[in-house]
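Give me a model of this one.
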Amino acid sequence: MGLATARRMPTAPVSVVAAGLTLVVVAVVNWAPARIDIADPAPSASPEQVVEVYLTAVTARDFATANRLTLGDRFRYSRLDRAPRYLELRVGPAQNLKPGDPTDGQSSADAFARAARVPVSFHLHGGDTSQTDGPTEFGYLVVRNDDSEPWLIVDSGVV
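So this is what the prediction gives:
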């Protein structure tokens, strides 16, 4: 074929190519494996340690570790989730809620013999509509029935 008779190969519009690349990037980020494997806390870990490991695991996309530290589906993540990152994490001292639970029997901890509230502060990145990015004061409720059980996260909320 000479130059005079060469045909132009059809090309995809730039917007179609850009959309395809965006889809690939989103798929890689969402389905990516853990950035770092986070060690499970010891069975005797304190409420503060459990919350710190949980938030560190979510940030690292180590959802297997994070999910082992929770009860129920509310805090569970899968590889399809866009998880937030908790930066500049500071964990405060746990506050025992039993006996004398200040919620007067209206708590997700009611079914457990032991409960504690763990206050945290962090700089949230990648939050959703329930939490916006930036400095955040928050708390996690951890529960167990006796000292032979590990603490598990059952609830959370604004401190």
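
Where does the prediction get shaky in this protein?
When the per-residue scores of the chain are filtered using pLDDT under 70, the ranges that remain are 1-34, 78-81, 99-107, 127-130, 159.

One more pass at 80, please.
1-35, 72-82, 98-108, 127-132, 158-159 (pLDDT under 80).

in it, which spans are strands?
Defined through DSSP state E, the strands belonging to the chain, from first to last, are 85-91, 95-96, 114-125, 134-144, 152-157.

orientation of the first one relative to strand 114-125 in degrees?
Okay, so that is strand 85-91. In terms of direction (axes from the mean of the first three to the mean of the last three Cα atoms, to 10 degrees), strand 85-91 departs from strand 114-125 by 130 degrees.

Give me the helices and strands touching strand 85-91, please.
Applying 3 or more Cβ pairs under 8 Å, 6 or more residues apart in numbering; DSSP states H and E, we find strand 85-91 packed against helix 47-59, strand 114-125. All C-beta spots, glycine's among them, are computed from the backbone N, C-alpha and C.

what's around Val53, how many residues?
When neighbours are counted by other Cβ atoms under 10 Å, Val53 registers 21.

gap between the closest residue to it other than its chain neighbours and Gln131?
Of all residues not flanking Val53 in the chain, Pro41 sits nearest, at 4.7 Å (Cβ to Cβ, 6 or more residues apart in numbering). Computed as Cβ to Cβ, to the nearest Å, the Pro41 to Gln131 distance reads 24 Å.

The two - which one has more neighbours?
For Pro41 against Gln131, the residue with the higher neighbour count under other Cβ under 10 Å is Pro41, and the figures read 21 against 14.

Please name the residues that touch the nearest residue to Ile36 once chain neighbours are set aside.
The shortest distance from Ile36 to any residue other than its chain neighbours is 4.2 Å, reached at Ala60 (Cβ to Cβ, 6+ apart). For Ala60, the set of contacting residues under the criterion of Cβ atoms under 8 Å, 6 or more residues apart in numbering consists of 34-38.

Just the closest of the residues you listed to Pro150, please.
Looking at the contacts of Ala60 and their distance to Pro150, the nearest is Ile38, at 15.2 Å (Cβ to Cβ).

Many thanks, have a good one.
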